[in-house]
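Engineer: structure for this input, please:
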Amino acid sequence: MDPNDVSQPPHGAPPLVDGGEERLERRVVAYWYATDLLKSLVLAAILVIGVEFWRQSGNGPTWAPVVAWIAGGLLVLVALVVPPFAFANWRFTVDDRLLSLRFGILFLENRHVPVPRMQHVDLMRGPIERLFGLATLVVFTAGNEGSAFRVPGLSRVRAEALRDRILRARGRDVV
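Structural biologist: Predicted coordinates for the structure are as follows:
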């Protein structure tokens, strides 16, 4: 196996697919559950506690805590419902010319990033991502709006292989 051949995946990585749609790792659903629930529980707690302080100060209506509890419950409910739907719709393709992303739940978004426009490529692995053995591939392009494109929920090995492939496709201008 030629180490410079980007069509060959590293040992243990899924094969690199030219132009074929790829999916995220299935364990990204558990990762999204963990992070979304943590965020929504913290936000719900801040909301409920804040409204309770407001009501006890004598300024808030007596029904405000009930509304805060309902809003907090809805936040948690959304965190429980969204991850499987997000996973079901996430697709990406990569070849030597283009990175294409498709994602969304109610509104499906398609993004296409030409390799020549890519400024640099990073891997991001936060503590919870590392716990789940995942990484996020981040591609930066020239421009202001939407200049960073993320492919979350990849295994570390797969994310590294995609990064290396994109860097090789960029050619000799890569440092």
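Engineer: any idea what V113 is bridged to?
Structural biologist: Beta-bridge partners recorded for V113 (DSSP bridges): L99.
Engineer: quick one, helices of the protein?
Structural biologist: Chain-ordered helices for the chain, with DSSP state H as the definition, fall at 28-56, 64-89, 127-131, 156-170.
Engineer: between these, which gets nearest to L137?
Structural biologist: With CB to CB, the closest approach to L137 among these belongs to helix 156-170: 4.8 Å. Just so you know, the C-beta spots here come from the backbone N, C-alpha and C atoms, and that holds for glycine as well.
Engineer: buried ones in that closest one?
Structural biologist: Judged by neighbour count (16 or more other CB atoms under 10 Å), helix 156-170 contains these buried residues: 157-167, 169-170.
Engineer: can you check stretch 83-94 too?
Structural biologist: Neighbour-count burial for stretch 83-94 flags P83, A86, F87, W90, R91, F92, T93, V94 (criterion: 16+ other CB under 10 Å).
Engineer: mind listing what the fifth one touches?
Structural biologist: Applying CB atoms under 8 Å, 6 or more residues apart in numbering, one finds that R91 lies in contact with E21, E22, R23, L101, R102, F103.
Engineer: rerun at 7 Å
Structural biologist: If you count contacts by CB atoms under 7 Å, 6 or more residues apart in numbering, R91 has them with E21, E22, R23, R102.
Engineer: look up the closest residue to the first one, ignoring the ones flanking it.
Structural biologist: Nearest residue to E21 in three dimensions, chain neighbours excluded: R91, at 4.6 Å (CB to CB, 6 or more residues apart in numbering).
Engineer: quick one on the thing from earlier: quick one: least confident of the buried residues of stretch 83-94?
Structural biologist: Least confident entry in these, by pLDDT: V94, with 89.
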